[in-house]
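**Q** here is a sequence together with a model predicted from it:
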Amino acid sequence: MTNHDHIKLTSSELSVLFGLYMKETLAVCVNSYFLEHVETPEIRSCLEYSLNLSESHIVTLKKIYHEEDLPTPTGFTEQDVNTKAPRLFSDEMILHYVLNIGIMGLTSYSVVLPSTTRNDIRTHVTSWLHSSTDLFNRATNLLLEKGLYIRPPYIPYPKQTEFVNKQHFLAGWIGEQRPLTSNEISLLFMNLYRNTLGGSLLTGFSQIAQSKEVRKFMTRGTEIAKHHSAIFSKFLAESNLATPVSSNLTVTTSQEPVFSDKLLMFHTDSLNNAGIGFYGQSLAGSPRRDLATAYSRLLIETGEFVTDGAQIMISNGWLEKPPSAPDRKDLAKG
């Protein structure tokens, strides 16, 4: 008998398990397809490592569901992917995608770990956080080795310690604006990078979506990503900072369906929800008022896009319901 046999999973832990199962089964579908087309041996090795991590996580999650006598979520299966479909993305795009899997894993596991209580769940999540760190480092090292890594802008080293002594530090709407801080630069750059990668991904999705409604939604997402990228580039350019973007995030002209529309919508929803989190962090870390205003607007736009996506999933029966509290009012009706 283990030391957690008598301890039920909390609502937070049920939420963690459900969310991770959905994301890991999606990752298996996407990585399995990429493995059919990746040609660069080193990128293939990195991709195989990512796939193996997701497959092992699913085994653990299924074991927990079985031990707790809980229904296992449907998630995504081989029915949601056509691994034999023609190539959709370049090897370089695939490697950047794997890097982003590592980044998303670092973010999600570090966020959910404090909401877990039971020792076995904390142990698993901690282990998965470490493996995401390893994946991130592997992908980063490979991008650096191949000269594909997109570095944030450089700024001169400070020569002395300074303290803010003017309210102008917070200004940004009218008149002369102060230069961006290193933190503001970092946030702008990472949001630019994520939108560039996301725009390329949704461009591919728009070509392979099977329903007109989903194709239109993906095209709209591509335009939103371009719009947001332009805003971040403008802020950086105004401070005379280079805004490099990769020309290797290429998409082929293939239109043959690769993933189910259900998977495409969930994947896009996950990316946008993560984006909302990143924008919230950026808002908190950007004292200049014009930046804060821009992030606030972008948060609203992204939130509206997420809501519209959820409505599409619900109307098509694609949105799997997470564990929920009982409806006491309905139960009281007898």
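**A** Cool, the structure landed.

**Q** using PDB, list the CA coordinates for the helix or strand bottoming out on mean pLDDT in the chain.
**A** Here the helix or strand of the chain ranked lowest by mean pLDDT, DSSP states H and E is helix 328-332, holding a mean of 75. The C-alpha trace of helix 328-332 is given here as PDB (Å, rounded to 0.1, in the frame of the first residue of the first chain):
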ATOM      1  CA  ARG A 328     -26.400  21.600  -6.400                       C
ATOM      2  CA  LYS A 329     -29.400  23.500  -7.600                       C
ATOM      3  CA  ASP A 330     -30.100  20.900 -10.300                       C
ATOM      4  CA  LEU A 331     -29.700  18.100  -7.700                       C
ATOM      5  CA  ALA A 332     -32.100  19.900  -5.300                       C
END
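
**Q** so which strand or helix has the most centrally placed residue in the chain?
**A** Residue closest to the mean C-alpha point of the chain, counted by Cα atoms, centre = their mean, is Leu271 at 4.1 Å. Here Leu271, judged by DSSP states H and E, is contained in helix 261-284.

**Q** so where do the helices sit in the stretch 201-334 of the chain?
**A** Using DSSP state H, counting those that start in this stretch, the helices found in the stretch 201-334 of the chain span residues 212-238, 261-284, 289-315, 328-332.

**Q** rewinding a little: okay, now the closest residue to the residue nearest to the centre of the chain other than its chain neighbours: neighbour count?
**A** For Leu271, ignoring the flanking residues on the chain, the nearest one in space by Cβ to Cβ, 6 or more residues apart in numbering is Gly198 at 5.6 Å. Yep, even glycine has a C-beta here, placed from its N, CA and C like the rest. Taking other Cβ atoms under 10 Å as the neighbour definition, Gly198 ends up with a count of 23.

**Q** hmm, back to that, gap between the residue nearest to the centre of the chain and Phe305?
**A** To Phe305, Leu271 is 10 Å away according to Cβ to Cβ, to the nearest Å.

**Q** outline the domain layout of this protein.
**A** 11-145, 173-315 (automatic domain parsing).

**Q** what's the closest of those to Val164?
**A** Of all these, domain 173-315 sits nearest to Val164, with 8.7 Å by Cβ to Cβ.

**Q** ok, back up a step: tell me which of the helices of the stretch 201-334 of the chain sits most buried.
**A** helix 261-284 (a mean of 19; mean count of other Cβ atoms under 10 Å).

**Q** quick revisit: where's the residue nearest to the centre of the chain relative to Met265, distance?
**A** Counting by Cβ to Cβ, the separation of Leu271 from Met265 is 11 Å.

**Q** follow-up on the earlier one: the residue nearest to the centre of the chain contacts Ser200, doesn't it?
**A** No - counting by Cβ atoms under 8 Å, Leu271 does not reach Ser200; the two are 11.9 Å apart.

**Q** among the helices of the stretch 201-334 of the chain, which is nearest Thr116?
**A** Closest to Thr116 of the helices of the stretch 201-334 of the chain is helix 261-284 (Cβ to Cβ; 18.4 Å).

**Q** who's in contact with stretch 28-45?
**A** Taking contacts as Cβ atoms under 8 Å, 6 or more residues apart in numbering, the residues outside stretch 28-45 that touch it are 47-48, 50-51, 54-55, 58, 76-78, 80-85, 87-89, 91, 94-95, 97-98, 142, 145-146, 258-259, 263, 267.
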